[in-house]
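[1] Pasting the sequence and the predicted model now:
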Amino acid sequence: MTTIGYSDRINHALAFAAKHHDQRVRKGTRPPYLTHPANVAIILTRYGRDDQTVVTGILHDVIEDCVREGYTRDMLEQRIGDKFGMDTLDTLLGVTLRRLDDDGVELSHDDRREDYLERLDDATEVGWWVCAADKLHNAGSLLADVRRTIDPNSVWSRFTGGKDATIRWYRRVYDRLKSLGFAGEIMEEFGRVVIDLEAWTDDTAPVSP
C-alpha cells in the first residue's frame, strides 16, 4: 500500500467539506466542524491508509448530512459521485446513518443506530476504516472534554440519551466491527478509548481551583 499524506484529491475533498460545513461548529463547542473530518483524515493517514480511504473519511459527514436532508440517489451521484467517484459514494452510503429505511419509512433515533450496525455487514473494508476513524475521533474528543471540565453533565447533555447511551453506542460499534472480523490496527486504539469512557465516573472530574 502506498501511503499518501497529501494529494490534490485530498485537498479537493477538504475544500469540498469546508464549503459544505461552512459556519457549522462541533456540537456544544466552538471549533469549526471541519476539524472533525480533518482529524479523521489525520487518523487514517497515521495508520497508513491510502488516498482513496482518506478522501472517503473526509467526506463522510457531507454524505450523512445530505442523506439526513433527504437527497435522492440521483442527487447524491451528481453531488459526490461525479466529483469523487461512485466507489467513494457507495462506500460512504454503507457507513452512513439513514433517515429513511428501504421502504421510505422514517427511522427513530434508536432505529437509525440499529440500522447502521446491521448495514456494517455489507460495508467494505474501506468503510470499516472510515467508521472506526470517525468513532475514534468522536469518542476521543468526548473523553477529552469530560476530563477537562468541572461539569461533566454539560458535556453528556449534548448527546441524545446522555452519558450511558452515548458510551454504550461506541461500545456497540466497536464490538460490531470486531464481530465482523475487522482487524485493522486502529481497533486497538479505538478499544482503549471505549474502555476509558466506560471507566469514567463523574467524581473523577477536575475540581475548580
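    Yep, it's here. Residues are numbered from 1 along each chain as shown.

[2] Report the central residue of the chain.
    By CA atoms, centre = their mean, the chain has its centre lying nearest to residue 134, at 3.0 Å.

[3] Which helix or strand contains it?
    Here residue 134 sits within helix 125-148, counting by DSSP states H and E.

[4] Off-centre distance for the helix or strand just after that helix?
    Downstream of helix 125-148, the first helix or strand assigned by DSSP H and E is helix 152-156. Taking CA atoms, centre = their mean, to the nearest Å, one finds helix 152-156 lying 20 Å from the centre of the chain it belongs to.

[5] Flag every buried residue along whatever helix or strand comes next after helix 152-156.
    The helix or strand immediately downstream of helix 152-156 is helix 162-179, counting by DSSP H and E. Across helix 162-179, burial judged by 16 or more other CB atoms under 10 Å covers 163, 166-167, 169-171, 173-174, 176-177. Bear in mind the C-beta positions are built from the backbone N, C-alpha and C, glycine included.

[6] List the buried residues of stretch 136-146.
    Within stretch 136-146, the residues scored as buried using 16+ other CB under 10 Å are 136-143, 145-146.

[7] From the chain's centre, how far out is the helix or strand of the chain with the lowest mean pLDDT? Work that out for me.
    When the helices and strands of the chain are scored by mean pLDDT, DSSP states H and E, helix 73-76 comes last with a mean of 83. Taking CA atoms, centre = their mean, one finds helix 73-76 lying 21 Å from the centre of the chain it belongs to.

[8] which parts of that helix are buried?
    residue 76.

[9] Pull it out as CSV, backbone CA atoms only.
    Extracted in CSV, the C-alpha atoms of helix 73-76 (Å, rounded to 0.1, in the frame of the first residue of the first chain):
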residue,chain,number,x,y,z
ARG,A,73,-29.6,8.7,-5.1
ASP,A,74,-29.5,10.8,-8.3
MET,A,75,-28.8,14.0,-6.3
LEU,A,76,-26.0,12.2,-4.4
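
[10] contacting residues around it?
    Residues from elsewhere that reach helix 73-76 (CB atoms under 8 Å, 6 or more residues apart in numbering): 63, 66-67, 89, 93.

[11] Go through these and flag which are in strands.
    Assignment to strands by DSSP state E places none of the contacts of helix 73-76 there.

[12] which one of those sits closest to residue 109?
    Nearest to residue 109 among those is residue 67, at 14.7 Å by CB to CB.

[13] show me what contacts that closest one?
    With CB under 8 Å, 6+ apart, residue 67 has these contacts: 76, 93, 96-99.

[14] Could you save the residues you listed as JSON lines and add columns showing distance to residue 120?
    Formatted as JSON lines, the contacts of residue 67 follow (distance: CB to CB, whole Å):
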{"residue": "76", "distance to residue 120": "20"}
{"residue": "93", "distance to residue 120": "12"}
{"residue": "96", "distance to residue 120": "11"}
{"residue": "97", "distance to residue 120": "12"}
{"residue": "98", "distance to residue 120": "13"}
{"residue": "99", "distance to residue 120": "18"}
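
[15] about what we covered before: identify the residues contacting the residue nearest to the centre of the chain.
    Residue 134 neighbours (CB under 8 Å, 6+ apart): 40, 57, 60, 95.

[16] Alright, that wraps it up for me.
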